[in-house]
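Trainee: Provide a 3D model corresponding to the input given below.
(2 chains)
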Amino acid sequence: MELIQQLVNGISLGSIYALIALGYTMVYGIVRLINFAHGDVFMIGSFVGFYAVTSFHVGFFPALLLAMVSCAILGVCIERIAYKPLRNATRIAVLITAIGVSLLIEYGTIYLRGAQPEAYPSTVLPDKKIEVLGVTVNSQSLLILGVSIVLMILLQFIVHKTKIGKAMRAVSHDAEAARLMGINVDNTISATFAIGSALAGAAGVIFGIYYTKIDPLMGIIPGLKAFVAAVLGGIGIIPGAMVGGLMLGVIESLVSGLGYSLWRDGVAFIILILILIFRPAGLFGKNVREKV
Amino acid sequence: MATLKRTIGFWISIVLALILFVVVQVLISGEILNSFYVNTLFFMVINIILAVSLHLIIGITGQFSIGHAGFFAVGAYASAIMTMKLQMPFALALLVGGVAAAVAGLLIGIPSLRLKGDYLAIATLGFGEIVRISLLNIEYVGGASGMTVTHLTTWPWVFACLLITIIVIANFTNSTHGRACISIREDEIAADSMGINTTYYKVVAFVIGSFFAGIAGGLYAHHFYIIQPTNFGFLKSFDILIFVVLGGLGSMSGAVIAAILLTIVSTFLQDYPETRMIIYSIILILVMLYRPKGLLGTKEVTSFFKLRRAVQGGIGNDNKNTVA
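Mentor: As a prediction, the model looks like this:
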């Protein structure tokens, strides 16, 4: 029973990782950029949700929506200001800029509101224990899982059934050819950042409710782990990010369940290095031959 | 005579360095510099060693490593264990710190240097975090509360390490091996097809870089009385990265100048850590947007004086963005 309990916890945690990992993977798929600032967009989403709940006394869903919209705007701003001028620059220049943006958001937030952590109000969602076959499931984690699944289905719908989704797939396949076919590449990239950031914002609110404590540097570790999840599933591949996120969440919970909770953060990075060594393309990726 | 002519620049810089050494030593022994300035000076030199060692990996070989604080930590802890737990002399401790970091560099370098660009960056980042988390969990070295270390770092030690680091890395860069590394930075596939064993040279650069980061770690540990895993996080790696990027990827003197400037800036902003990080990050973004090659590009300071042909670190054409 203990094992199943850990699995349930792992799936809730994993769905948060999956939501963040989706943003990483979409952005990487389209502009080949590791958006280090993504974890901080997640943090901002968490704080927007927190202030919406505590200052404006709105419910869970309006707060979630507000966080998603603000994060989408933030994501587009980051892309337009910091990354767009570097579209043709070297990869290393863009990567360093991403690190700079990440630090700026973190310490800008600390500068504006201080480094003190905040506690998410526990009244946002009803907290009931539900017994299913001897396993205690928290009603919050069920709702969290539900919201994540709905968002992922929505994302699949957007990517596969809408015009912008088609444009996104075209640009990630070949940006030059897409431009020749009359697709507005810049707008498509912005849309990708907006969708990815909105998912990170939603993950931020969910994270806040699940773990109650939020602070301006909270984005670093979940951000890195979500990146690990994206690499695990094969970066640039949307279903890969979902599976990778869930797997990572479950593995972490099992490790804590076995009594090595202090090593939890280390495990994610060990998985990362192993996967990079043995299967750099990820579980769902195909090996691409390099051409000169 | 010809040899003397060729090496005159080298000897002049050695003499200048020795004069600097004597002057600072007199200032310290005469207590003209108070302990605050001495502290800043030591910290500056440690930063220079770190910057130069990372410069070899990123600037010369073009391998994007953002886990340098991991090697720094390995060196710091290894040397601290030598002096505190095993009562070994300081010189041996420094050397062991360097060797331990070099071994760590070898272990992480051989598998991960097959990766390129972004993936390598993330793998090294992951390595840095693994080191930090491991140190947190090892009771022998004090876990989260850290390890107390006696103060053994003095100016002659710091200066000697700095001088050795700079001479070794400058000479490495100008040797056959250094040229091979530069060719990897310029175009790895082309280098490979010219018969250069790219993996070998990448690992060599990585190991040498880690060795000196370990030495810097030893100096750091014996200067600050206490070492804690939090001193060697992710932000420390970024600090070192910023020195190299700001100075110019491929310019050793650039890295040194950036390390000096930024150490002074961060000493003044010590009481306002957030402001310091905001300034750092804005500098980083603006440099990348408007001058992606950094302050000096791949040029060296000496190339402005035309004492000798501009050879260090770069191949004439420095308008090209060369890395990755």
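Trainee: Residue ranges in the stretch 201-324 of chain B under the pLDDT threshold?
Mentor: B:302-324 (pLDDT under 70).
Trainee: Kindly recompute the last result at 80.
Mentor: B:270, B:273, B:292-324 (pLDDT under 80).
Trainee: quick one: residue B:258 and residue B:241 touch, right?
Mentor: No - counting by C-beta atoms under 8 Å, residue B:258 stays clear of residue B:241, with 10.7 Å between them. C-beta: built from backbone N, CA, C; applies to glycine.
Trainee: So which of those two has more stuff around it?
Mentor: residue B:258 (27 against 23; other C-beta atoms under 10 Å in any protein chain shown).
Trainee: quick one: contacts for that one?
Mentor: Applying C-beta atoms under 8 Å, 6 or more residues apart in numbering or on different chains to residue B:258 gives the contacts B:51, B:242-244, B:246-247, B:294-295.
Trainee: swap in residue A:232?
Mentor: A:240, A:244, A:247-248, A:271-272, A:275, A:282-283.
Trainee: do residue B:275 as well
Mentor: By C-beta under 8 Å, 6+ apart, the neighbours of residue B:275 are A:111, B:269.
Trainee: would you put the C-alpha positions of stretch B:181-195 in PDB?
Mentor: Provided in PDB are the C-alpha atoms of stretch B:181-195 (Å, rounded to 0.1, in the frame of the first residue of the first chain):
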ATOM      1  CA  CYS B 181      41.900  22.900 -29.200                       C
ATOM      2  CA  ILE B 182      41.400  26.200 -31.100                       C
ATOM      3  CA  SER B 183      40.700  24.200 -34.200                       C
ATOM      4  CA  ILE B 184      38.000  22.300 -32.300                       C
ATOM      5  CA  ARG B 185      36.400  25.600 -31.300                       C
ATOM      6  CA  GLU B 186      36.400  26.900 -34.800                       C
ATOM      7  CA  ASP B 187      35.000  23.900 -36.500                       C
ATOM      8  CA  GLU B 188      34.800  20.500 -34.800                       C
ATOM      9  CA  ILE B 189      34.000  18.500 -37.900                       C
ATOM     10  CA  ALA B 190      36.800  20.100 -39.900                       C
ATOM     11  CA  ALA B 191      39.200  19.500 -37.100                       C
ATOM     12  CA  ASP B 192      38.200  15.900 -37.000                       C
ATOM     13  CA  SER B 193      38.700  15.500 -40.700                       C
ATOM     14  CA  MET B 194      42.100  17.000 -40.500                       C
ATOM     15  CA  GLY B 195      43.100  14.100 -38.200                       C
END
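Trainee: Tell me who's in contact with the nearest residue to residue B:203 once chain neighbours are set aside.
Mentor: Of all residues not flanking residue B:203 in the chain, residue B:109 sits nearest, at 4.7 Å (C-beta to C-beta, 6 or more residues apart in numbering or on different chains). Residues in contact with residue B:109, defined by C-beta under 8 Å, 6+ apart, are B:202-203, B:206-207, B:210.
Trainee: from those, which is closest to residue A:266?
Mentor: Residue A:266 has its nearest neighbour among these in residue B:210, at 19.9 Å by C-beta to C-beta.
Trainee: do you know how far that closest one is from chain A?
Mentor: From residue B:210 across to chain A, the span is 16 Å (C-beta to the nearest C-beta, to the nearest Å).
Trainee: thought that residue was touching residue B:73?
Mentor: No - between residue B:210 and residue B:73 no contact is recorded; they are 11.1 Å apart, counting by C-beta under 8 Å.
Trainee: So for these two, which sits in the more crowded spot?
Mentor: residue B:210 (35 against 30).
Trainee: about what we covered before: and the contacts of residue B:258, which of them are in helices?
Mentor: Mapping the contacts of residue B:258 onto helices (DSSP state H) picks out B:51, B:242-244, B:246-247.
Trainee: got the contact list for the most centrally placed residue in chain B?
Mentor: Nearest to the mean C-alpha position of chain B, by C-alpha atoms, centre = their mean, lies residue B:50 at 2.2 Å. By C-beta under 8 Å, 6+ apart, the contact set of residue B:50 is B:68, B:72, B:212-213, B:216, B:240, B:243, B:259.
Trainee: Who are the packing partners of the helix or strand encompassing residue B:165?
Mentor: Using DSSP states H and E, residue B:165 maps to helix B:155-174. Contact partners of helix B:155-174 among helices and strands, from 3 or more C-beta pairs under 8 Å, 6 or more residues apart in numbering or on different chains; DSSP states H and E: helix B:2-29, helix B:35-54, helix B:90-112, helix B:176-186, helix B:198-221, helix B:252-268.
Trainee: Now do the fourth one against helix B:155-174, angle only.
Mentor: Using axes from the mean of the first three to the mean of the last three C-alpha atoms, to 10 degrees, the interaxial angle of helix B:176-186 with respect to helix B:155-174 works out to 70 degrees.
Trainee: on contacts alone, who are the packing partners of helix B:176-186?
Mentor: With contacts taken as 3+ C-beta pairs under 8 Å, 6+ apart, helix B:176-186 sits against helix B:155-174, helix B:188-193, helix B:198-221.
Trainee: do the one helix or strand residue A:272 maps to and chain B meet?
Mentor: Secondary structure assigned from DSSP H and E places residue A:272 in helix A:264-278. Yes - judged by C-beta under 8 Å from any C-beta of the partner chain, helix A:264-278 comes into contact with chain B at A:265-266, A:269-270, A:272-273, A:276-277.
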